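> Next one to model:
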Amino acid sequence: MKINKSNIDKLKFTGKEDFYWDDDLKGFGIKVTKTQASYIIQARTDNGKSIRKKIGQTSVFTPDEARKIAKKYLGELAQGIDIVAKEKEKRTKDITLQQAYEEYIKVKDITESTKIKYERSMRLCFKDWANKALINITREMIENRFLDISKSSKSIANSDFRFLRAVFNFAMEKYVVNGEPIIPSNPCNRLKAFKLWNKVPRRQSYIHPSQIKAFFWGLQHHDQDTENVKVVKNQCLFILFTGCRDQEAGTLKWSNINFELNTITFEHTKNHKEHILPMGEYLRDFLLKLRENSVSLYVFPAKNKSGHVENQRKTVQHIAEISGIKFSLHDIRRTFASIANNHIAGITNFTLKKLLNHSDDDVTAGYIQFETETLRKPMQLIEDYILKQAGVKENETNNVVNFSSIKYGA
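The predicted model follows:
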């Protein structure tokens, strides 16, 4: 038929895909489906490959507009240009940092805390680059941005650009044109080549045994405490007795705690391996009291999108002021490790790794079958040491933490 407005208005869906071809321009047509009618072109390339491409809906383009676009496409095909491959190549080269990041976190198995850190980097450090094509983010831009952020915080600069380097490494494999990556080399490599990475001393801070009493009493609940402060105090105490990472505690559900076997199962771990720890007697009683007042799936709930505590830095600073002991959540983990290593006799390096859920870097360790029960005695010994330092062990009836009747997670 002749493709014009009057003929297009007469087209109806017949129950299957229908194709109508123009009398005047060979290869120009209309495809009619149940939901829409669209202009298309179809032709063969020099090597005999059949190419079909949609131009747009008949409700969007006039016949004359569509015919003009069709002539352009058909002309390119006549010259041997694969217009579908050409468009795909353009889309690939236009991939933005935001698009690459979204694909990256879909593929990568990352923890909730890592995702939060990445979101922060995208929001604060790379916000103005988010919609920029990856191929347009240059080495010079990376160097200048890295040096600028380093003026405020060397550790944050390192963290942000390690994340960016990981996204670029992913993109180099993900986005390919004619078998070749659109990004031939990672532009973040300039930081290594020019020795720009910041040297940040590894933090060694922890709560000294002589400070545990003040720290422990600082975790008591007070009437003026908000619900969130009480929950974070509970989380601090939990980390002190388990040595877990902050988001391993934060994402813990009541279903992960077995009060019959007296075990805690951490599913969302840094090394992605399930980690099972026995509970000491005090910790078990502590968690039983928490559960009595909880209406949440999570042990440490919060009124946010995730339903559990996260981004607790300000609250931790507030608790530190109360106790008079400056600390971070990871300092509490280091405290647990230091107690196990320095003050509990008989704990081997291998056992300490199991307590902290560190990956084994020794081939021999892979041959050792490890039972969770072998950790029960070390866990109890560590708990007893903490309670003695806190002045609780000698008077076990002393309610150190005043559990509120507040319905956590309501």
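
> Not counting sequence-adjacent ones, nearest residue to Asn311?
Counting by Cβ to Cβ, 6 or more residues apart in numbering, Asn311 lies nearest to Ile116, which is 6.6 Å off, once chain neighbours are set aside. Yep, even glycine has a C-beta here, placed from its N, CA and C like the rest.

> Count residues in the vicinity of the one you found, would you?
Close neighbours of Ile116, defined as other Cβ atoms under 10 Å, add up to 15.

> pretty sure it is in contact with Gln312, am I right?
No. Using Cβ atoms under 8 Å, Ile116 is not in contact with Gln312; the gap is 11.1 Å.

> so which helix or strand takes in the residue nearest to Asn311?
helix 112-120 (DSSP states H and E).

> Check what contacts the helix or strand that that helix is followed by and list those residues.
The helix or strand immediately downstream of helix 112-120 is helix 139-150, counting by DSSP H and E. Helix 139-150 is contacted from outside by 125, 129, 156-157, 160-161, 164, 187-188, 190-191, 194, 196, 198, using Cβ atoms under 8 Å, 6 or more residues apart in numbering.

> for helix 139-150, which positions count as buried?
Neighbour counts over helix 139-150 (16 or more other Cβ atoms under 10 Å) mark Arg139, Ile142, Glu143, Arg145, Phe146, Ile149, Ser150 as buried.

> which helices and strands does the helix or strand bottoming out on mean pLDDT in the chain pack with?
The least trusted helix or strand in the chain, going by mean pLDDT, DSSP states H and E, turns out to be helix 83-93, with a mean of 78. Other helices and strands packing on helix 83-93, by 3 or more Cβ pairs under 8 Å, 6 or more residues apart in numbering; DSSP states H and E, are strand 50-57, helix 63-78, strand 176-177.

> Tell me which of these sits most buried.
Of all those, helix 63-78 has the most neighbours on average by mean count of other Cβ atoms under 10 Å, namely a mean of 17.

> Run the angle between it and helix 83-93 for me.
90 degrees (axes from the mean of the first three to the mean of the last three Cα atoms, to 10 degrees).

> what's helix 63-78 in contact with?
Outside of helix 63-78, the residues within contact range by Cβ under 8 Å, 6+ apart are 3-5, 8, 22, 25-28, 39, 41, 43-45, 51, 53, 55-56, 58, 61, 83, 86.

> What of stretch 269-289?
Contacts to stretch 269-289, defined as Cβ under 8 Å, 6+ apart, come from residues 109, 111, 237-238, 241-242, 244-245, 248, 257, 259, 262-267, 299, 355, 357-359, 372-373, 375-376, 379-380, 382-384, 387, 392, 401, 403.

> so where's this structure shaky on pLDDT?
Low-confidence segments of the chain (pLDDT under 70): 202-203, 360-370, 394-410.

> domains for it, by residue range?
According to automatic domain parsing, the chain is divided into the following domains: 5-91, 97-193, 209-389.

> now Lys2, nearest residue through space, not along the chain?
Asp23 (4.8 Å).

> Report how many residues lie close to Glu112.
Around Glu112 there are 15 other residues, counting by other Cβ under 10 Å.

> Report the separation between it and Glu267.
11 Å (Cβ to Cβ, to the nearest Å).

> Overlap in contacts, the two.
Here Glu112 and Glu267 have Thr251 as joint contacts, going by Cβ under 8 Å, 6+ apart.

> Distance of the closest residue to Lys108 other than its chain neighbours relative to His272?
Of all residues not flanking Lys108 in the chain, Phe170 sits nearest, at 7.7 Å (Cβ to Cβ, 6+ apart). For Phe170, the distance to His272 equals 17 Å [Cβ to Cβ].

> So for these two, which sits in the more crowded spot?
Shown here are Phe170 and His272; by other Cβ under 10 Å, Phe170 has more neighbours (17 against 11).

> Wait, the more buried one touches Ile110, no?
No. Shown here, Phe170 and Ile110 do not form a contact pair, counting by Cβ under 8 Å, at 11.9 Å.

> so Ser155 sits in a helix?
Yes. Assessed with DSSP: H, G, I helix; E, B strand; the rest coil, Ser155 lies in a helix.

> any idea how far Val200 is from it?
Using Cβ to Cβ, Ser155 is found at 5 Å from Val200.
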